[in-house]
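# this is a predicted model, with the sequence first.
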Amino acid sequence: MLSCSSGSYQKREINLIPLPNEMVETDAVFSFNQTSTIYLENKELLDGIEAFQEMIEQYSGKRLDIVEDIEKASIIVSMQQELPVEGYELEIKETGISIEASTAAGVFYAFQTLLQMCPIDVYTDTNVGSYTWQLPGVSIKDAPEFKWRGMMLDVSRHFFTKEEVMELIDYLAYHKINVFHWHLVDDQGWRIEIKKYPKLTEIGAWRVDREHLPWNARPKQKSDEKASYGGFYTQQDIREVVAYAQKRFITVVPEIEMPGHTTSSLAAYPQFACKEGPFTVIPGGIWPITDIYCAGKDETFSFIEDILTEVMELFPSKYIHIGGDEANKAEWKKCKNCQARIRKEHLKSEDELQSYFIRRIEQFLSNNDRILLGWDEILEGGLAPGATVMSWRGFHGGIEAANSGHDVVMTPTSHCYLDYYQGPIDNEPEAFNGNVSLSKIYAFSPVPSELEGQAKAHVLGGQGNLWTEHVTTKEHMQYMSFPRMSALSEALWTNAKNKDWENFAARLENNFESYKAMGLNFSESMYTVKLDTDFDLDLNKVRIELSTEAPNSQIYYTVDGTQPTQSSLKYETPFELDKTTEIKAIVYKNGSVRGKMIHKSYQIHKATAKSVEYLKPFSESYPGSGESNLVNSLRGSRNHSDGKWQAFRGNDLELIIDLNKPESLNKLVIGCLHSTGSWIFLPKDISIFASDDKTNFRRIGYTKNNIPLTGESQIVDYEVKLDGTTARYVKVIVGNQNIAPIWHSAAGQDVWLFVDELILE
Ligand SMILES: [Zn+2]
């Protein structure tokens, strides 16, 4: 089983991620084996060695000895004061390995680089005894471009165990990420034990189990229901995670949200809210949430300071994240305590009250020698003096803060949100409605061109954020995070002049082998074929354009419904369809299939490109392509705002199609979207009428929806059988559900009807 491990290895291709900033490969080969030893010139660097030693010990069963005699050492680790803080120099020669750094962190990164050059079974095999690796000759001078290379994980919306978090930390360390931002607190769960306030986890960590319902359609807990879904970390768990991360030179930055996003703590201690409780932990995406800490009561501040005191004992991080985002101030407007505070402090508005709140917490943290970090909303009403800003609503907040002399971490949704889709939506699990593809995150640069001079230096770096509304398992958490975090690691470590998308993609593909060996459930969405369509109403043709993110790969497709192979049509340029066609497409690289196949049908039918008269208007927010939308052959995806869907709110769809001449009418297929989280419901029923004079209509078809509305998001094609009659005018009425059902979080409010095509045959 392990016989291969004791043999000798072929020299391995170098596929480092992130790419070192200077690297020269040589023909030298160094034989590394169980007798290899380390010489450590300076004890201050010892911490940088330990993780590597443990890795090798786990693999071989034998720890690498540290020897006193430099002559006998295979790896020489020495101090070089001039090197940058996290920088290192690594040289592999025929005679041995030398590592130089000015800090233990630099030594650690040198060893991470070395590990990426070792055979992949170093990550998987255990106790192999003897081994010999042929390490490739190389000379590397490396240092990170940015000092904040972060990833945030939200453990409130869904809880991840201590072990799952530690596993994530391993993958971050592999990629030289040095900040793990732990979003421990939100409306949907309080995850950190606080000794002084035990109810925070006894009550705040648990919510009523609505996991079977879409995230945005979950009603609040009822008085006879039990909160049974959730979890939390004990203080001991937290200490273990912090120590585990520290050993990998990763700082764990805790986030304790305030003043909004706090329903879980108000469920436990309602006395710190403006309005009277009781509150229950929110089981899903109810919006807006107005529950908020009362900024008028001094007790609120004592409560928060007590919590932060325990948090500071657990987390050595200089930065303490206090959230500060999306605070709904409706309660503050109504609260007599908050209004009294506004008068007493001579504040002009509730925005300034938020600023007062954050300043007061900032003062407390700074008295304790910590730095307050918050989302860019903390700029509203004036930024607290010592605060650092995490800019998420684009780069703008970060630019404003940096220009006024504050440090900034850039995490714009456009490039850094790992909860967004990473490939074509129809081929991806449900995610937040936006797209951050692998090449997009790779292109991320934390310093926007608008920043000049001194202000640039205030950008500490960047961070990927994984919010977990739609992420319920470890496997899915990894799928959303990798390889996008691999791309981000390079965007933050490697100097822009050394970045090259094609080169990165090639190294990444070779790394997939390592990821698999490590058990990482990464995404291959970069290969998925993206299909763009255009409809020419005059020519009655659909134009198809296929593309894939993966460089140096080929797309093969079929138009007859068969499975595409390398002997199918090879895609070169956009092509046109003038009859009903089913397209299937897939990516090949070096002779093998990569990623998933996509398929899509285009129906050219009797109503295609005919004129349509709307008897009731479609919504101006979702017009699709306007009056031709339902007869343009283009089908919508699961993304309701992809421009293909046309929507109706508060009224039915009612229109007349003019076929120009009498046609025989056999069947009408209507595509509808169901996405209750976005308040989009399947129709009530569908009625079809025919007429020769556009005045006297007779009903020729009818169908009722019988799909339960509680189901998951889906696209449903309703087929209505017609009686074969011949007529020129067809009237279609699709009945809107009108109001959300009683079980829905929007019960009683107007809902949407989304329709994408009327296929008439
Ligand atoms: Zn209040």
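Here it is on my side, so go on.
# what does the stretch 201-350 of the chain have sitting close to the ion?
The stretch 201-350 of the chain has residues Cys274, Cys294, Gly296, Cys335, Asn337, Cys338 near the ion, with proximity defined as CB under 5 Å from the ion. For every residue, glycine as well, the C-beta is placed using N, CA and C.
# what's the strand or helix carrying Lys516 in contact with?
Using DSSP states H and E, Lys516 sits within helix 501-518. Helix 501-518 is contacted from outside by 13, 15-17, 19, 116, 120-121, 123-124, 170-171, 174, 439, 442-443, 482-483, 486-487, 490, 522, 524, 526, 549-552, 589, using CB atoms under 8 Å, 6 or more residues apart in numbering.
# try 7 Å
Residues outside helix 501-518 that contact it (CB atoms under 7 Å, 6 or more residues apart in numbering): 13, 15-17, 120-121, 123-124, 439, 442, 482-483, 486-487, 490, 522, 550-551.
# elements contacting the helix or strand that it is followed by?
Remark: after helix 501-518, the chain's next helix or strand is strand 530-536, criterion DSSP H and E. Other elements packing on strand 530-536 under the criterion 3 or more CB pairs under 7 Å, 6 or more residues apart in numbering; DSSP states H and E are strand 541-547.
# who does the strand it packs on pair up with?
The pairing partners recorded for strand 541-547 under DSSP bridges are strand 530-536 (antiparallel), strand 575-577 (antiparallel).
# let's have those strands in TSV, adding mean pLDDT, distance to the ion and mean neighbour count.
Compiled in TSV, the strands paired with strand 541-547 are given as follows (pLDDT from 0 to 100; distance: least, CB to the ion, whole Å; neighbours: other CB atoms under 10 Å):
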stretch	mean pLDDT	distance to the ion	mean neighbour count
strand 530-536	85	49	16
strand 575-577	91	61	15
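# need the buried ones from the contacts of helix 501-518 selected in ChimeraX.
The ChimeraX command for the buried members of the contacts of helix 501-518 (criterion: 16 or more other CB atoms under 10 Å) is given here:
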select :15,16,17,120,121,123,439,442,482,483,486,487,490,522,550
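# which bits of the protein sit near the ion?
Applying CB under 5 Å from the ion, we find that the chain lies next to the ion at Cys274, Cys294, Gly296, Cys335, Asn337, Cys338.
# and Ser449, how far from Asn403?
14 Å (CB to CB, to the nearest Å).
# same check on Leu531?
Separation of Leu531 from Asn403 (CB to CB): 42 Å.
# and the helices in the stretch 51-200 of the chain?
Counting by DSSP state H, counting those that start in this stretch, the stretch 51-200 of the chain has helices at residues 104-117, 162-174, 199-202.
# list the buried residues for the second one?
Of the residues in helix 162-174, Lys162, Glu164, Val165, Glu167, Leu168, Ile169, Asp170, Tyr171, Leu172, Ala173, Tyr174 count as buried by neighbour count, 16+ other CB under 10 Å.
# list the buried ones in stretch 688-704?
Judged by neighbour count using 16+ other CB under 10 Å, the buried positions of stretch 688-704 are Ile688, Phe689, Ala690, Ser691, Phe697, Ile700, Gly701, Thr703.
# now for these: which two are most distant?
The largest separation in these, counting by CB to CB, is between Ser691 and Thr703 at 19.7 Å.
# quick one on the thing from earlier: out of the residues of the chain next to the ion, which end up buried?
Cys274, Cys294, Gly296, Cys335, Cys338.
# and those as CSV, adding secondary structure and distance to Gln188?
Below are those laid out as CSV (DSSP: H, G, I helix; E, B strand; the rest coil; distance: CB to CB, whole Å):
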residue, secondary structure, distance to Gln188
Cys274, coil, 20
Cys294, coil, 21
Gly296, coil, 26
Cys335, coil, 24
Cys338, helix, 25
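# circling back: so which of the strands paired with strand 541-547 comes closest to Ser745?
Closest of the strands paired with strand 541-547 to Ser745 is strand 530-536, at 33.4 Å (criterion: CB to CB).
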